[in-house]
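A.B. asks: Give the three-dimensional model of this entry:
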Amino acid sequence: MLKLFFVIVVLGLNSVLAQSPVDSLKIYDPFKNFEDVRRILLTYFSILGDENNALIKKYSEDIDIAKKNNSFRDEAEALLKSGDIFFKAGLYNYALDNYFKALKKYEGANDPMNAALVETKIGRTYFFADLRSSIDYIRKGYETIKNSDDFELRSYAAYIGGTIEKDEKKAKELFKKALDIQLEVIKNKPDDYEANENLSRFYNTYGNEEEALKIAEKIGDNWLVVLYLNNIGYKKVKEGKYNESVKYFFRSLDICLSKRYKTLLRNTYENIARAYQLMGKWEKSAFYYNLMHYVEESLFSEEFAIQASESIVKYESEKKESENEYLKKEQDVLTENIDLEKLQKYLLLLSFAGASFTSVYIYVSRKKIKTINKKLDEKNEKLAMVIDELQVNENNLKSAQEIAQIANWEWDLKNDVFTFSEQFPKIYDLDTSNLRTNFKAVMLEKIHPEDRELVNTNFSENNLQVNQENDYRIIKNDKVCWIKAKRVNVKDASGKVFKICGTVQDITELKEEEEIKIQIAAQMSFSKQLLESQEEERKRIAGELHDSLGQNLLVIKNLLLVKMQQSQIEGKSLLDTSELVSQTLQEVRSISHNLHPHLLDQLGLTKTIRSLTTQLNESTNISITAEIDDLNGTLEPAAEISLFRIIQECFNNIIKHSKAEKASLVIKRLPDFLKVSILDNGKGIDEKKINKHEEFGHGFGLYGMKKRAQLFDWIYEIDSHPGIGTEIKLTIPLKRDA
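C.D. replies: Residues are numbered from 1 along each chain as shown. As a prediction, the model looks like this:
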């Protein structure tokens with residue numbers, strides 16, 4: 001039955017796009033071309049991928065053949081192969097279904113070793129699906145496999161033992177043992193696919209991902225290649241070698257795109273986005289994060305469609321089976337009654353043979369009728385139970401569709417009959433009776449005028465595209481809502497379309513969330529640009545104050561000093577004027593410094609912050625200590641200015657408001673982060689004011705510091721206790737070269 005849900009037909013978009021769909025996905029901007037990105041993901045990608053779709057179909061046929069031939073081993077092997085494909089695609093419920101069926105076959109045949117191997121696969125699937133504790137099945141399988149006399153199974157047993165061993169040292173020893181045994185196995189089976197596959201897994205578990213990658217490439221297992229490329233890239237990220245990690249991630253991306261691995265594509269996009277984020281390349285990071293979200297959306301939509309379609313087909317199949325069974329029972333009863341009538345006529349003909357003989361036969365006939373009626377009652381009870389179960393399944397399907405705001409429909413072209421699920425008229429806010437009589441005209445009235453032509457084409461019997469998906473707008477309760485519609489043509493043996501099926505889903509909330517995300521990203525980008533523009537303007541004004549006004553005041557001061565030397569009479573007046581000019585000059589320098597910290601350009605971030613704490617220590621009654629690691633070269637210029645501004649504002653607030661006696665600044669440089677702490681022992685800050693951003697009047701204050709931190713994706717925390725003091729903490733990802 002699953003064969004119906006995994007056949008993905010690729011549409012001919014190449015005639016529309018100037019480049020291949022894969023190339024288009026590489027260059028499309030997910031913020032601008034999101035409709036094109038969605039279309040490509042739907043049309044050219046599936047959860048299983050083209051190769052695995054074909055394999056699932058083949059294994060389903062193998063299972064049917066094995067059942068006919070009563071070959072449980074062939075059936076179990078095909079079930080395991082199907083389960084492995086579903087596992088790799090992340091369809092864990094289908095994988096478990098196949099694994100448990102195979103386990104039942106092996107247990108029924110009293111084959112404990114193969115049953116144990118299946119149990120380890122079940123445990124592995126539970127682990128990745130987070131469904132329940134996986135250790136029980138893995139340990140149960142391990143206890144059987146470890147006692148095997150087979151050399152190759154002992155290698156696998158050591159590998160399984162390492163996965164459940166809690167002691168890291170012992171686990172490492174078991175992984176090494178598994179690898180050593182498998183290397184001996186390979187000497188005798190150098191070209192065996194399964195032996196090489198296990199060897200690559202053991203290398204990967206032991207920490208030698210590069211060797212694992214070589215073997216996976218040698219045997220042509222693209223799924224393992226992608227897995228190992230991502231593992232190596234992640235390892236490079238942990239080492240701070242971001243540029244190298246990106247190279248591995250992009251190799252993985254190329255394979256995911258060419259092989260249409262939708263599940264692995266989502267993971268690869270996320271890895272690339274994280275790497276760019278740690279490199280400080282925010283625009284590229286946002287680009288790939290957005291692509292990741294579209295793949296997630298496509299995966300969710302496809303998984304739900306598969307489950308919904310499977311529920312519908314299962315319901316229809318069970319319903320037909322029940323109807324056939326009921327008809328068969330009626331036929332059996334009718335046959336029994338006919339036989340009984342024949343018997344009664346025969347008895348009448350023989351009635352002349354003797355009254356006693358006739359009485360005996362009548363008694364036997366009545367007893368037989370009672371037996372038949374009793375069996376019929378039992379069968380009717382079973383039939384009622386089946387009908388009740390079908391009703392429960394139908395109710396579950398209705399609930400699922402209501403939660404997801406999704407509905408299915410079917411158009412029988414031959415009889416021009418349009419049927420639909422209960423949720424369909426609710427999504428469009430339409431009358432059910434009108435839908436049944438003239439569904440297209442009734443629906444088009446609800447469609448947004450600009451989208452009516454698109455919808456009319458989508459519901460046309462002349463539309464020859466096998467699969468199609470569109471997003472369009474409807475007007476419901478004077479509000480614009482968004483609908484995602486999918487349709488599939490169903491053909492008869494001659495290739496003629498006789499039925500069109502599809503689903504519709506209200507995606508208004510998803511659209512609104514998407515718009516909000518785009519607005520937030522645009523707002524953050526604008527705020528960052530505005531902050532950079534402000535700092536540039538501050539720098540320009542500070543330079544003009546220092547270079548122009550400051551120089552003029554210095555010249556005036558020198559002229560006054562010359563005049564003082566020439567005239568003793570006016571000396572006192574000139575001296576007062578000179579002091580006033582000196583004060584003005586000092587204020588100009590102070591304003592210039594506050595507008596833009598020139599020391600950042602001259603001395604670097606570390607010395608500038610130390611200079612600030614030294615100056616504050618000398619000019620206030622607060623005892624300030626500073627412990628600062630070397631920070632130069634770790635942040636971009638704009639981030640350096642923001643960090644300096646936050647520290648400067650923290651100390652300004654401490655001096656003005658805290659009534660503290662002591663304060664400290666600690667900046668620690670760790671491998672991946674800067675940890676910043678500004679601590680004082682003052683009066684503390686009211687928690688309500690922290691949450692409402694009311695502290696320190698209308699100035700820069702806590703809210704401004706928080707916004708600066710958010711612009712650079714820093715972690716900003718305040719820990720304050722009235723009467724004890726306040727600590728402001730920052731966690732800043734480092735900008736590091738590979």
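
A.B. asks: doesn't residue 730 fall inside a helix?
C.D. replies: No: counting by DSSP: H, G, I helix; E, B strand; the rest coil, residue 730 is not found in a helix; it is strand.

A.B. asks: In this structure it contacts residue 668, no?
C.D. replies: No: when contacts are counted by Cβ atoms under 8 Å, residue 730 is not listed as touching residue 668 (11.0 Å). All C-beta atoms are positioned from the backbone trio N, CA, C, and that covers glycine.

A.B. asks: what's the overlap in contacts for these two?
C.D. replies: Among the neighbours of residue 730, those also in contact with residue 668 (Cβ atoms under 8 Å, 6 or more residues apart in numbering) are 674, 675.

A.B. asks: what about the two, which has more around it?
C.D. replies: Regarding residue 730 and residue 668, a neighbour count based on other Cβ atoms under 10 Å identifies residue 730 as having more, with 23 against 12.

A.B. asks: what about that one, distance to residue 606?
C.D. replies: 16 Å (Cβ to Cβ, to the nearest Å).

A.B. asks: Residue 243: how many residues sit nearby?
C.D. replies: Using other Cβ under 10 Å: residue 243 sits among 12 other residues.

A.B. asks: how much space between it and residue 283?
C.D. replies: Distance from residue 243 to residue 283, by Cβ to Cβ: 17 Å.

A.B. asks: For the stretch 151-300 of the chain, just list every one of the helices.
C.D. replies: 151-164, 168-188, 193-206, 209-219, 222-238, 242-259, 262-278, 282-349 (DSSP state H, counting those that start in this stretch).

A.B. asks: Mean neighbour count, those: which tops it?
C.D. replies: Of all those, helix 262-278 has the most neighbours on average by mean count of other Cβ atoms under 10 Å, namely a mean of 23.

A.B. asks: angle of it against helix 222-238?
C.D. replies: 10 degrees (axes from the mean of the first three to the mean of the last three Cα atoms, to 10 degrees).

A.B. asks: What helices and strands are in contact with helix 262-278?
C.D. replies: For helix 262-278, the packing partners by 3 or more Cβ pairs under 8 Å, 6 or more residues apart in numbering; DSSP states H and E come out as helix 222-238, helix 242-259, helix 282-349.

A.B. asks: Comparing the ones you listed by mean pLDDT, which bottoms out?
C.D. replies: In terms of average pLDDT, helix 282-349 trails the rest of those, at a mean of 65.

A.B. asks: quick one, strands of the protein?
C.D. replies: Secondary structure of the chain (DSSP state E): strands located at 406-412, 417-420, 467-476, 479-491, 497-506, 623-628, 662-669, 673-680, 715-721, 725-733.

A.B. asks: Put together JSON lines for those, with distance to residue 291 and mean pLDDT on each row.
C.D. replies: Output for the strands of the chain, formatted as JSON lines (distance: least, Cβ to Cβ, whole Å; pLDDT from 0 to 100):
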{"stretch": "strand 406-412", "distance to residue 291": "24", "mean pLDDT": "81"}
{"stretch": "strand 417-420", "distance to residue 291": "34", "mean pLDDT": "80"}
{"stretch": "strand 467-476", "distance to residue 291": "18", "mean pLDDT": "80"}
{"stretch": "strand 479-491", "distance to residue 291": "19", "mean pLDDT": "82"}
{"stretch": "strand 497-506", "distance to residue 291": "22", "mean pLDDT": "82"}
{"stretch": "strand 623-628", "distance to residue 291": "40", "mean pLDDT": "92"}
{"stretch": "strand 662-669", "distance to residue 291": "33", "mean pLDDT": "94"}
{"stretch": "strand 673-680", "distance to residue 291": "27", "mean pLDDT": "94"}
{"stretch": "strand 715-721", "distance to residue 291": "25", "mean pLDDT": "89"}
{"stretch": "strand 725-733", "distance to residue 291": "21", "mean pLDDT": "93"}
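
A.B. asks: What's the separation between residue 164 and residue 610?
C.D. replies: 53 Å.

A.B. asks: er, residue 232 I mean
C.D. replies: 40 Å.

A.B. asks: ok, now residue 269?
C.D. replies: Applying Cβ to Cβ to residue 269 and residue 610 gives a distance of 42 Å.

A.B. asks: go on, residue 292?
C.D. replies: 42 Å.

A.B. asks: same thing with residue 101?
C.D. replies: 70 Å.

A.B. asks: cool, and residue 478?
C.D. replies: Distance of residue 478 to residue 610, computed by Cβ to Cβ: 63 Å.

A.B. asks: quick one: which of these two has more around it?
C.D. replies: residue 610 (15 against 5).

A.B. asks: give the contact list for that one.
C.D. replies: 626, 628 are the contacts of residue 610 under Cβ under 8 Å, 6+ apart.

A.B. asks: tell me the domain boundaries of this protein?
C.D. replies: 1-26+45-134, 142-219, 221-280, 319-512, 524-596, 599-738 (automatic domain parsing).

A.B. asks: hey, least reliable of these by pLDDT?
C.D. replies: Looking at these, the weakest mean confidence is domain 524-596, a mean of 55.

A.B. asks: one step back: which of the strands of the chain sits closest to residue 24?
C.D. replies: Comparison of the strands of the chain against residue 24 by Cβ to Cβ identifies strand 467-476 as nearest, at 16.5 Å.

A.B. asks: Going by contacts, tell me the helices and strands next to the closest one.
C.D. replies: Against strand 467-476 (3+ Cβ pairs under 8 Å, 6+ apart) you get helix 34-44, helix 432-446, helix 452-458, strand 479-491.

A.B. asks: any chance of the ones you listed in CSV, plus mean neighbour count and distance to residue 213?
C.D. replies: What follows is the helices and strands packed on strand 467-476, written out as CSV (neighbours: other Cβ atoms under 10 Å; distance: least, Cβ to Cβ, whole Å):
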stretch, mean neighbour count, distance to residue 213
helix 34-44, 19, 26
helix 432-446, 14, 53
helix 452-458, 16, 45
strand 479-491, 17, 38
